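Trainee: what's the 3D shape of this:
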Amino acid sequence: MMMMSTSINDDTIAIADDDNIEQVTKRKDTLIEINHPIYTSAVLKIAYDGTHFNGWTGGNAADQTPKQKNKKNTHNHSSQDQTQKRRQSRRSRTLHRKGGGWYGSTSNKVRTVEETIRMSLAKVYGNVNPKQIVFDACSRTDAGVHATSLVAQFYCYTDEAHAARSSDNSTGLQHSLNSTIPIRPKAKNDDTMFVQLPFNSDLSKLVYVLNRMLPPDVRILEASPMPIIDSTSSLLTKYSIEAFHPTLCTTSKTYAYKFSIGNIQDPLRSRFVWHLDGSSNRAMGMNGKNFDLDLAVQAARLFECSEARDYASFGSVMKGNEKNRDRSTVCTIWRCDVLYENREQLPSWELSNRVGDATVTTEKYESCGSRLNADGSPFHPLESSSSTSRLSLSNSPQTFTVVVTGDRFMYKMVRNIVGAIVAVACGHNQLADIQNAIETGCWGNGPSGSRRICAPARGLELVEVTYPDDVHFEWQSG
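Mentor: Predicted coordinates for the structure are as follows:
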């Protein structure tokens, strides 16, 4: 049962029960009932453009703070200041050349989505120490990766709990069942060592205010009190947890990766689409001229499996703060499909002139090879008039999306999968290379002996995260 202050005067009466606290205000002879449930932990659904972020946490980002060497002559501080200003100026010019603005400082500090939201929350909590606010996210996207549905839980420690948590004798703030998990709220109204949510736990107002404080490249879509898990759920015993955890309780995650082929890249989509023009150091020479759509579909099918299996050859080595962390390489991928944008493949500078054209279809995507021609071969609307499935290039870029759904993913796993699919479709690798890599757990032993290609981060987007039915959310928008 929630506890609250016993200070009660003649004008205000407080009533407490197991679920919430109702404040009943008595003014003269009229009773006005105002229901304000008190919450101490909430879950956010977040969307962001990861172009200028070093990921969700920046745990895999290299230390970007330049180390100062000890010099005997340290009297010339003005020269060092000028050097630092030149570095910041070069960084600003580089960001402008790549397109888009830079929201925040031009210093060498790592910019992350988590820290950006935390700093805004610290202000609405009443200018608390930002380190008192803790985030647990369903996924930690890498630098440059976007998200439209990332789920993250947050809560704020009290001053006393934060002091104990920061001290050397903080072993008492560990989970009673799993010693590797720090103390987290056991319920949405757990106030043992957690601060009440801002605005008297009004989540709609919290979403509204945060979206007006955050920079334009990150937004809070919805908020929910910490969800309740049925007592009979197997999640509690499977992971030795006492309450909801956004990472451990997930059922599946879906990522979408966009890439395009064509002589000219659409500049308005350059931050979100990997264009195969042959200039990328990751895939030198892969300009899409020999792109085989049938091979891309076949390569994607090799990754699907209804049961868990080892994908060690498609995970990358962790770096930064996560360098020495042990991670399982066993995953389950239920879906790996190649989709095309089912619309006239017109660049942005031509599409605006064809908005009213009746030939533009209403369905945005369709699975490649889902329909058949008269001779029984897969039908690809973007293919040339010849019988081959290689696409004819024109000035209009042709965009595809690789959709991958699984229970969990390793570091850069989806990007490595997309790189393998594209390499096979462009003739750099063979289907047997992917099959051999899955079976042996390493690259280079296949027929072509070629290296693995990791697709760039800008085309990747976290689009969906699902939870079991026994996890109950109460989403509220701003």
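Trainee: so the closest residue to residue 265 other than its chain neighbours bridges to which residues?
Mentor: Spatial nearest neighbour of residue 265, excluding adjacent residues (CB to CB, 6 or more residues apart in numbering): residue 275 at 4.0 Å. For every residue, glycine as well, the C-beta is placed using N, CA and C. For residue 275, the beta-bridge assignment (DSSP bridges) gives partners residue 260.
Trainee: I'd assumed residue 147 was in contact with residue 272.
Mentor: No. At 11.9 Å, residue 272 does not count as touching residue 147 under the criterion of CB atoms under 8 Å.
Trainee: of the two, who's got more company?
Mentor: Counted by other CB atoms under 10 Å, residue 272 and residue 147 do not tie: residue 147 has more neighbours, with 27 against 17.
Trainee: So the more buried one, which state does it fall into?
Mentor: strand (DSSP: H, G, I helix; E, B strand; the rest coil).
Trainee: Find the nearest non-adjacent residue to it, please.
Mentor: Using CB to CB, 6+ apart, the nearest residue to residue 147 is residue 462, at 4.1 Å.
Trainee: mind listing what that neighbour touches?
Mentor: 139, 141, 145-150, 253-255 (CB atoms under 8 Å, 6 or more residues apart in numbering).
Trainee: beta partners for it?
Mentor: Beta-bridge partners of residue 462, as defined by DSSP bridges: residue 147, residue 255.
Trainee: Please report how far it lies from residue 118.
Mentor: As judged by CB to CB, to the nearest Å, residue 462 and residue 118 stand 19 Å apart.
Trainee: coming back round to it: among the contacts of residue 462, which one lies nearest to residue 418?
Mentor: Nearest to residue 418, judged by CB to CB, of these is residue 255 at 9.2 Å.
Trainee: okay, now residue 143: neighbour count?
Mentor: The tally of other residues near residue 143 (other CB under 10 Å) stands at 19.
Trainee: I figured it hits residue 52, correct?
Mentor: No. Contact criterion CB under 8 Å: residue 143 and residue 52 do not qualify, at 9.5 Å.
Trainee: okay, how far is it across stretch 462-472, tip to tip?
Mentor: 22 Å (CA to CA, to the nearest Å).
Trainee: Please point out which parts of it sit buried.
Mentor: For stretch 462-472, the neighbour count (16 or more other CB atoms under 10 Å) marks 462-463, 465, 467, 470-471 as buried.
Trainee: What does the pLDDT read for the closest residue in space to residue 248 that isn't next to it in sequence?
Mentor: The shortest distance from residue 248 to any non-neighbouring residue, by CB to CB, 6+ apart, is to residue 239 (4.4 Å). Predicted confidence (pLDDT) for residue 239: 77.
Trainee: Distance check, residue 421 against residue 118.
Mentor: Distance from residue 421 to residue 118, by CB to CB: 36 Å.
Trainee: what ranges do the helices span in the stretch 201-350 of the chain?
Mentor: 203-213, 235-238, 293-301, 348-351 (DSSP state H, counting those that start in this stretch).
Trainee: ok, back up a step: burial count for the residue nearest to residue 248?
Mentor: Quick note: residue 239 (other CB under 10 Å) scores 14 neighbours.
Trainee: Repeat that for residue 135.
Mentor: 18.
Trainee: again with residue 413
Mentor: 22.
Trainee: separation between it and residue 427?
Mentor: Residue 413 is 24 Å from residue 427, by CB to CB.
Trainee: wait, isn't residue 311 in contact with residue 411?
Mentor: No. Counting by CB under 8 Å, residue 311 sits too far from residue 411 to count as a contact (11.7 Å).
Trainee: out of those two, which sits in the busier spot?
Mentor: residue 311 (23 against 18).
Trainee: Show me which of residue 421 and residue 118 is the more surrounded one.
Mentor: Taking neighbours as other CB under 10 Å, residue 421 and residue 118 compare with residue 421 leading, 30 against 18.
Trainee: Check the gap between the more buried one and residue 293 for me.
Mentor: 11 Å.
Trainee: repeat for residue 423
Mentor: 14 Å.
Trainee: again, but for residue 299
Mentor: 11 Å.
Trainee: okay, and the common contacts of these two?
Mentor: Shared contacts of residue 299 and residue 293, counting by CB under 8 Å, 6+ apart, come down to residue 425.
Trainee: Counting neighbours, go ahead and name the busier of those two.
Mentor: residue 299 (27 against 22).
Trainee: show me what contacts that one?
Mentor: 420-421, 424-425, 431, 434.
Trainee: Pull the most distant pair out of those.
Mentor: 425 and 434 (11.4 Å).
Trainee: More neighbours: which of those two?
Mentor: For residue 425 versus residue 434, the count of surrounding residues by other CB under 10 Å is larger for residue 425: 30 against 25.
Trainee: I figured the more buried one was touching residue 292, is that so?
Mentor: Yes. Contact criterion CB under 8 Å: residue 425 and residue 292 qualify, at 5.2 Å.
Trainee: what comes up buried for stretch 256-266?
Mentor: 256-262, 265-266.
Trainee: follow-up on the earlier one: show the buried residues in the contacts of residue 462.
Mentor: Neighbour counting with 16+ other CB under 10 Å marks 139, 141, 145-150, 253-255 as buried within the contacts of residue 462.
Trainee: Can you name the residues that contact residue 125?
Mentor: Shown in contact with residue 125 (CB under 8 Å, 6+ apart): 132-133, 156, 195, 198.
Trainee: Counting only helices, which of the residues you listed make the cut?
Mentor: residue 198 (DSSP state H).
Trainee: For the contacts of residue 125, pick the one with the most neighbours.
Mentor: Among those, residue 156 has the most neighbours (other CB under 10 Å), with 25 neighbours.
Trainee: So it is in contact with residue 132, correct?
Mentor: Yes. With contact defined as CB under 8 Å, residue 156 counts as touching residue 132 (5.2 Å).
Trainee: Name the residues contacting each of those two.
Mentor: 125, 195.
Trainee: Among the contacts of residue 125, name the ones in strands.
Mentor: 133, 156 (DSSP state E).
Trainee: ok, back up a step: give me whichever of the helices of the stretch 201-350 of the chain is most buried.
Mentor: Greatest average neighbour count among the helices of the stretch 201-350 of the chain goes to helix 293-301 (a mean of 21), per mean count of other CB atoms under 10 Å.
Trainee: give me every residue that touches residue 245.
Mentor: So residue 245 contacts 136, 153, 181, 184, 239 (CB under 8 Å, 6+ apart).
Trainee: Out of the residues you listed, give me the two with the largest separation.
Mentor: 153 and 239 (14.7 Å).
Trainee: check contacts around residue 333.
Mentor: Contacts of residue 333 by CB under 8 Å, 6+ apart are 303-305, 311, 404-406.
Trainee: Buried members of the residues you listed into ChimeraX, please.
Mentor: Selection of buried members from the contacts of residue 333 for ChimeraX, criterion 16+ other CB under 10 Å:
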select :303,311,404,405,406
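Trainee: Show me the strands in the stretch 351-478 of the chain, by range?
Mentor: 365-367, 371-372, 378-379, 398-406, 460-466, 471-472 (DSSP state E, counting those that start in this stretch).
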